[in-house]
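# no sequence for this one, just the structure:
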């Protein structure tokens, strides 16, 4: 017997400034644009709960995530889901740190013209690793901040259409454009809320 579509938890209100989103605000914008048959592959582990709070999935098989805090799962998995279900729009949501573990997957999407959308939530750090560090009571660990990486330029170098979106309206417009494309798109979204724990 098929399971019913997820109703999810009650949405928390999102009130972000026009020019910078929280992670919850970015997921809320995606939730407003994503069609009922849309699929989200979420690998932004430090704010995964925001995804589950803000997006309602209209059909089973609409949400995928890694079982643990693995890095590099999101984009390759989203490409695979899109190839397996070409009739459903697939969006990967990844952190800017996690994206670095699977950048060559963008070439695959471009090479085979896979119409997957990649939303990069940019906070210039490996947020989940910082959260683990704090949980374990460790001192400062080098290499957890990754400022200055231009994921838009990297995506374009791999042949993927790419843009930046600041506020909710910009992100919603960029998502609509991406969903209308026949090839892959990357959207970088700077997010605030550094230091918040979400897991």
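Everything's here; your move. The structure presented is a predicted model; accordingly, all values stated were derived computationally and were not measured.
# Just give the nearest non-adjacent residue to residue 192, would you?
If the residues on either side of it in the chain are set aside, residue 192 comes closest to residue 20, at 5.2 Å by C-beta to C-beta, 6 or more residues apart in numbering. Glycine gets a C-beta too; all of them are placed from N, C-alpha and C.
# Neighbours of that neighbour, how many?
As a burial measure, the neighbour count of residue 20 was computed by other C-beta atoms under 10 Å and equals 14.
# For it, list the residues it contacts.
If a contact means C-beta atoms under 8 Å, 6 or more residues apart in numbering, then residue 20 has 166, 167, 190, 191, 192 as its contacts.
# So which of those sit within strands?
When DSSP state E defines the strands, the subset of the contacts of residue 20 inside them is residue 190.
# Looking at the contacts of residue 20, which is nearest residue 152?
Within these, proximity to residue 152 (C-beta to C-beta) peaks at residue 190, which comes in at 11.3 Å.
# residues in contact with the residue nearest to the closest one when sequence neighbours are not counted?
The spatially closest residue to residue 190, leaving aside those adjacent along the chain, is residue 122, at 5.0 Å (C-beta to C-beta, 6+ apart). For residue 122, the contacting residues are 95, 96, 151, 188, 189, 190, 191, by C-beta under 8 Å, 6+ apart.
# which residue is nearest the centroid of the protein?
With distances taken as C-alpha atoms, centre = their mean, the chain has residue 93 as the residue nearest its mean C-alpha position (1.2 Å).
# And that residue, how close does it get to residue 137?
Here the distance between residue 93 and residue 137 works out to 30 Å (C-beta to C-beta, to the nearest Å).
# which is the next helix or strand following the helix or strand of the chain with the lowest mean pLDDT?
Taking mean pLDDT, DSSP states H and E as the measure, the helix or strand of the chain with the lowest value is helix 127-136, at a mean of 70. The C-terminal neighbour of helix 127-136 among helices and strands, as given by DSSP states H and E, is helix 151-157.
# And that following helix, what does it pack against?
Helix 151-157 sits against strand 117-122, strand 161-164, strand 185-190, with contacts defined as 3 or more C-beta pairs under 8 Å, 6 or more residues apart in numbering; DSSP states H and E.
# List the buried residues for that helix?
When neighbours are counted by 16 or more other C-beta atoms under 10 Å, the buried residues of helix 151-157 are found to be 151, 152, 154, 155, 156.
# before we move on, what about stretch 84-96?
Taking 16+ other C-beta under 10 Å as the basis for neighbour counts, the residues of stretch 84-96 that come out buried are 88, 89, 90, 91, 92, 93, 94, 95, 96.
# Pick the one among those closest to residue 60.
For those, the minimum distance to residue 60 (C-beta to C-beta) is 11.3 Å, reached by residue 88.
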